[in-house]
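Q: A predicted structure for the sequence below; I have some questions about it.
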Amino acid sequence: MDAVDALSEIAFWLERDLAPTFKVQAFRRAATLIAGLDAAELADRVHDGRLRAMKGIGGRTAEVIGQSLYGLPDYLDNLRQQGRQPLAAGGHDLLVALRGDLHSHSEWSDGTTPIDLMVSTARMLGRDYLALTDHSPSLTVAQGLSADRLREQLDVVAGVNTAADDDFRLLAGIEVDILEDGRLDQTPELLDRLDVVVASVHSKLREDSIAMTRRMLAGIRDPHTNVLGHCTGRLVSGSRGTRPPSTFDAARVFAACAENDVAVEINSRPERQDPPDDLIRQAVEAGCLFSIDTDAHAPGHLDFLSYGAERAAAAGVPPDRIVTTWPVDRLLDWSHAGL
């Protein structure tokens, strides 16, 4: 087995299982270190001990590389066996119907890997499309993209699609902050050029319900907004600790989403599970569209759609009101409708 492929796949399975970042990065770093070695050179280094002497190659990664010379490494085989079990117990029919994902991040903002690795993983998982939605400028802690960096990224996205030899589509997008006054945190000229705009609140999550409602309504009514991202901002687990949901007038917010054809995101990250189940049901009753997304910050997170599908199915979300079940042409007709 190709050693780089083995190391990269191990990183995917570890990310999918929410392993510590340092452990994942050990395998990605090892893959990068040996990527330029041909098969003969790599075999020589394994056999004469020079591989283990390379800075960044540890005992486990050396073992995987050595075993890959002769077949499937044991460590990868074990992870594949574990990965045969679905992440979620329910929602399997809905999961099969999902064609894409409208919320993902790369190393351009606070993701961990290059764009091409996110794209290749989405392809491996059978997605028809993936929206690249790195953060907007005000979220400096997440290296939000300035206007110039976003323009540069648009060229990269176009290059990915031009070079594609299949029907997969990388969609140009952004996760744009809804600022305190309700404006979207990027120029209208650039938002006009995007395929998908996910609008989210990331700051002052504990402001009072009246102010938060006013802020969210303004963001939803901006004609560029396609998806309302992780609407409560809550965290239920994970390395960042927990965070209670923001308070807002859900009836008014979901009515505005329905009126403006803005999809309510069902965020599939296990530490978010946002919106809570009662709000998903309320959004169904309000007639909202939905987008089941991963909010992936690493390739392994792209498999989290299982969690979102399970929650959507349990809440009775009609599949045809989930925009990520739509083919890409229908999706783009909808996402550009307000422009």
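A: Structure's in. What do you need? Note that the structure is a prediction, hence the values are computed from the model and not measured.
Q: could you use CA atoms for every contact and neighbour count after this?
A: Will do.
Q: for L72, helix, strand, or coil?
A: Three-state assignment for L72 (DSSP: H, G, I helix; E, B strand; the rest coil): coil.
Q: doesn't A3 make contact with it?
A: No: L72 sits out of contact with A3 when judged by CA atoms under 8 Å, with a separation of 9.4 Å.
Q: the two: which is more packed in?
A: The residue with more neighbours, out of L72 and A3, is A3; 25 against 16, by other CA atoms under 10 Å.
Q: wait, the more buried one sits on I65?
A: Yes: using CA under 8 Å as the test, A3 is close enough to I65 to be in contact (5.3 Å).
Q: contacts for the helix or strand where Q82 lies next, please.
A: Element membership for Q82, per DSSP states H and E: helix 74-83. Applying CA atoms under 8 Å, 6 or more residues apart in numbering, the external contacts of helix 74-83 come out as 6, 9-10, 13, 64, 67.
Q: C-terminal to it, which secondary structure element comes first?
A: Past helix 74-83, heading to the C-terminal end, the next element that is a helix or strand (DSSP H and E) is helix 92-97.
Q: low-confidence stretches in this protein?
A: Counting by pLDDT under 70, the chain has low-confidence residues at 338-339.
Q: so what's the residue minimising distance to the centre of it closest to, chain neighbours aside?
A: Most central residue of the chain, judged by C-alpha distance to the mean C-alpha position with CA atoms, centre = their mean, is A296 at 2.4 Å. Leaving aside its chain neighbours, A296 sits nearest to S104 (4.6 Å; criterion: CA to CA, 6 or more residues apart in numbering).
Q: phi, psi for that neighbour please.
A: Note on S104: its backbone torsions stand at phi -150, psi 160 [degrees, to the nearest 10].
Q: ok, now which ones touch it?
A: With contact taken as CA under 8 Å, 6+ apart, S104 is in contact with 130-134, 294-297.
Q: for the chain, what's the longest helix?
A: helix 147-163 (DSSP state H).
Q: in it, which residues are buried?
A: Buried residues in helix 147-163, defined by neighbour count with 16 or more other CA atoms under 10 Å: 150, 153-154, 157, 160.
Q: name the residues that touch the next helix or strand after that helix?
A: Once the chain leaves helix 147-163, the next helix or strand it forms, by DSSP H and E, is strand 169-177. Contacting residues not belonging to strand 169-177 are listed as 103, 119, 128-136, 138-139, 154, 157, 160-161, 184-186, 194-202, 229 [CA under 8 Å, 6+ apart].
Q: pull out the buried members of those.
A: For the contacts of strand 169-177, a burial check counting by 16+ other CA under 10 Å picks out 103, 119, 128-136, 138-139, 154, 157, 160, 184-186, 194-202, 229.
Q: now, those residues that are in strands?
A: 129-132, 196-200 (DSSP state E).
Q: from the residues you listed, which is closest to G316?
A: Distances from those to G316 were compared by CA to CA; the smallest belongs to V198, at 23.2 Å.
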